[in-house]
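Student: any chance you can model this:
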Amino acid sequence: QVQLVESGGGLVQPGGSLRLSCAASGRTVSRYTMGWFRQTPGLEREFLAGLRWSSGGSYYADYADSVKGRFTISRDNAKNTVYLQMNSLKPEDSAVYYCAAGEEGAAATVFSSYTFWGRGTQVAVSS
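Tutor: Predicted structure coming up:
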């Protein structure tokens, strides 16, 4: 089992930045596909960004068009932690943000790739 705990959410003004963290425990997730999603009431959970480990030892990042160029996913394997740096935030970015972990090599953009989920952290973008 993998436990995921998100942190770093909060209230920020439009144009501001936040960095979300996802601390994993239970297993080392260095080779797991890791992703960030968000959800607003009444809507489906939306893929934002994901990192997939490749057999060559590098990571491939995928991003949703809605956040490409504004959000950056990264990981610190020594800390077993994944991050989501969010810049140029807009009111429509307000949502609950979730971290998720999938098996090694799983496609990052596919919802069904993910087996383990955190409980989410709230992000509100408002003046």
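Student: so which residues of the chain form strands?
Tutor: Here the chain has its strands, by DSSP state E, at 3-7, 10-12, 18-25, 32-39, 46-53, 59-63, 71-76, 81-86, 95-104, 114-117, 121-125.
Student: relative to residue 33, how far out is residue 104?
Tutor: Distance, residue 104 to residue 33, by CB to CB, to the nearest Å: 7 Å. Bear in mind the C-beta positions are built from the backbone N, C-alpha and C, glycine included.
Student: no no, residue 83
Tutor: Residue 83 sits at a distance of 15 Å from residue 33 (criterion: CB to CB).
Student: more neighbours, the two?
Tutor: Between residue 83 and residue 33, residue 33 has the larger neighbour count (other CB atoms under 10 Å), namely 26 against 19.
Student: for that one, give its distance to residue 49.
Tutor: Counting by CB to CB, the gap from residue 33 to residue 49 is 11 Å.
Student: likewise residue 94?
Tutor: In terms of CB to CB, residue 94 sits 17 Å off from residue 49.
Student: spit out the contact partners of residue 37.
Tutor: Shown in contact with residue 37 (CB atoms under 8 Å, 6 or more residues apart in numbering): 45, 46, 47, 48, 97, 98, 100, 111.
Student: contact partners for the closest residue to residue 101 other than its chain neighbours?
Tutor: Once flanking residues are discounted, residue 101 sits nearest to residue 116: 4.3 Å by CB to CB, 6 or more residues apart in numbering. With contacts defined as CB under 8 Å, 6+ apart, the neighbours of residue 116 are 1, 2, 3, 4, 100, 101, 102.
Student: which of the residues you listed count as buried?
Tutor: For the contacts of residue 116, a neighbour count by 16 or more other CB atoms under 10 Å gives the buried set as 2, 4, 100, 101, 102.
Student: picking up where we left off before, output the strands of the chain in CSV, with mean pLDDT appended to each entry.
Tutor: Below are the strands of the chain laid out as CSV (pLDDT from 0 to 100):
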stretch, mean pLDDT
strand 3-7, 98
strand 10-12, 97
strand 18-25, 98
strand 32-39, 97
strand 46-53, 96
strand 59-63, 95
strand 71-76, 97
strand 81-86, 98
strand 95-104, 96
strand 114-117, 97
strand 121-125, 98
